[in-house]
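Visitor: Predicted structure and sequence below. I'll ask about it afterward.
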Amino acid sequence: MPLLKLLHFAALLCWCGALLYLPALIAGGAKRSDDIFERNHAQLTRMVFTLIATPAALIAIGSGTALFLRDGIIEGWLVMKLTAVAGMAMCHAFCGALLVRMESQPERGGLTVSCLAVGALIPLLISATLWLVLAKPF
Ligand code: HEM
């Protein structure tokens, strides 16, 4: 398998895995009163976000862009795929905002509902992206 595509696969596996995990991790940090648990949990969540999800997203997007520039592909499925990937990137940024909210106001209501909503949207966007790139329907 060409190295660039291998890098693309490896990075998107890490990105998608971390994105699927993050909403549950953030929701788990809401409404806790135990100080030590709260500190350790917030640290772990921040580590998953900053050391795994964000670098993997940058590598997945960078390697995907390099593949697209190298092969000169301009087709309908790629445009649709990029739209779905933009949705994934927005969910990623939203997880970052929820993480900051979890750290500053863990007891505030609404965090769990937001995590549920983004946690339901992420698998849909990942499935749509994979379907578009594998089936190339357009
Ligand atoms: C800005 C971000 C991205 C760009 C520009 C991009 C672009 C590309 C390009 C040009 C290819 C080569 C297609 C081919 O040779 O047929 C490719 C392959 C692939 N991409 Fe991405 N991609 C991005 C993000 C993603 C994401 C987030 C996923 C998964 C959720 C993904 C899944 C795949 C898969 C599974 C393939 C292999 C398709 C095949 O070999 O048939 N990509 N990508």
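Guide: The structure has been received and is ready for your questions.

Visitor: Please name the residues that touch the closest residue to the ligand within the chain.
Guide: Per C-beta to the nearest ligand atom, residue 64 is where the chain lies closest to the ligand, at 2.3 Å. In short, each C-beta sits where N, CA and C put it, glycine included. Applying C-beta atoms under 8 Å, 6 or more residues apart in numbering, we find residue 64 in contact with 8, 12, 85.

Visitor: Let me know the distance separating it from residue 4.
Guide: 9 Å (C-beta to C-beta, to the nearest Å).

Visitor: Residue 81 too?
Guide: 17 Å.

Visitor: More neighbours: which of those two?
Guide: Of the pair residue 81 and residue 4, residue 81 is the one with more neighbours under other C-beta atoms under 10 Å, namely 21 against 14.

Visitor: What is the burial count for residue 24?
Guide: The tally of other residues near residue 24 (other C-beta under 10 Å) stands at 11.

Visitor: among the helices and strands of this protein, which has the poorest mean pLDDT?
Guide: Every helix and strand of the chain was ranked by mean pLDDT, DSSP states H and E. The lowest is helix 35-47, at a mean of 86.

Visitor: and that helix, which residues are buried?
Guide: Buried residues in helix 35-47, counted by 16 or more other C-beta atoms under 10 Å: 41, 42, 45, 46.

Visitor: Redo these as JSON lines? Include distance to residue 52.
Guide: As requested, those are exported to JSON lines (distance: C-beta to C-beta, whole Å):
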{"residue": "41", "distance to residue 52": "16"}
{"residue": "42", "distance to residue 52": "16"}
{"residue": "45", "distance to residue 52": "11"}
{"residue": "46", "distance to residue 52": "11"}
